[in-house]
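K.L.:
heads up, no residue letters with this:
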C-alpha cells in the first residue's frame, strides 16, 4: 500500500462532491461535509466525525478533506464510496439512519463486509486489475444480494 501522502487533489474533491448523497453528511444530513470516513468512502460533518473517531480507526478512519494529507489508496476509497451508496446499503439491511445508532450501524457484519469490499476493490484498481470507474456511477450500488454472497 502506498505511503506517500499529499493534500487531497482539488479535481478529486470535485469528483467526490458530485457523487450521489455527498452534498449532505452521511449520518445526519448536515450540509457541512468537510470530513471523511475513509473506510466507508463517505463524507461526514464535524459532529459525526467525533462520533466516528470514537469507533476506532479500524472501524472509521476520519480525515479532514482539506487539512489532512492523504495516500492514493485513501483518495481512491473516497472515489469508490459515496454517501448515497452507503445509505442505500444500510437501508437495504434495514439499518438506515433513523433506525439505528451510528455505533450500531458501523459495527454490524454488513458494515464490516462493506469496508472490506471497498478496500479489496481499491487494491484491485491500484494494481491495475480492474478499471477505476466509481461504483456509484453504475446504476446499481452495492446491493443486499451482493452482501448475501459475502456471508
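P.N.:
Noted; the coordinates are in hand. Being a predicted model, the structure only gives us computed values, none of them experimental. Numbers count the residues shown, from 1 in each chain.

K.L.:
so where do the helices sit in the chain?
P.N.:
Assigned by DSSP state H, the chain shows helices spanning 10-17, 46-54, 72-80, 83-92, 102-106, 109-126, 144-150.

K.L.:
any idea how far residue 8 is from the closest residue to residue 6 other than its chain neighbours?
P.N.:
Excluding the flanking residues, the one nearest residue 6 by Cβ to Cβ, 6 or more residues apart in numbering is residue 69, at 5.9 Å. For the C-beta atoms, the positions are set from N, CA and C on the backbone; glycine is no exception. Distance of residue 69 to residue 8, given as Cβ to Cβ, to the nearest Å: 8 Å.

K.L.:
can you check residue 70 too?
P.N.:
5 Å.

K.L.:
Residue 86 and residue 42 touch, don't they?
P.N.:
Yes - with contact defined as Cβ atoms under 8 Å, residue 86 counts as touching residue 42 (5.0 Å).

K.L.:
For these two, list the residues in contact with both.
P.N.:
Jointly contacting residue 86 and residue 42 under the rule Cβ atoms under 8 Å, 6 or more residues apart in numbering are residue 26.

K.L.:
for this protein, what are the low-confidence residue spans?
P.N.:
1-3, 96-100, 135-151 (pLDDT under 70).

K.L.:
what sits against residue 13?
P.N.:
Applying Cβ under 8 Å, 6+ apart to residue 13 gives the contacts residue 65.

K.L.:
Kindly provide the distance from it to residue 22.
P.N.:
10 Å.

K.L.:
before we move on, what about residue 47?
P.N.:
17 Å.

K.L.:
quick one: which of those two has more around it?
P.N.:
Taking neighbours as other Cβ atoms under 10 Å, residue 47 and residue 22 compare with residue 22 leading, 23 against 14.

K.L.:
List the contacts of the residue nearest to residue 37 when sequence neighbours are not counted.
P.N.:
Nearest-residue entry for residue 37: residue 60, 4.5 Å, with adjacent residues in sequence omitted and distances by Cβ to Cβ, 6+ apart. Residues near residue 60 by Cβ under 8 Å, 6+ apart: 37-40, 52-53, 106.

K.L.:
from those residues, which single one is nearest residue 128?
P.N.:
Of all those, residue 38 has the smallest distance to residue 128: 21.6 Å, by Cβ to Cβ.

K.L.:
Understood, closing this out.
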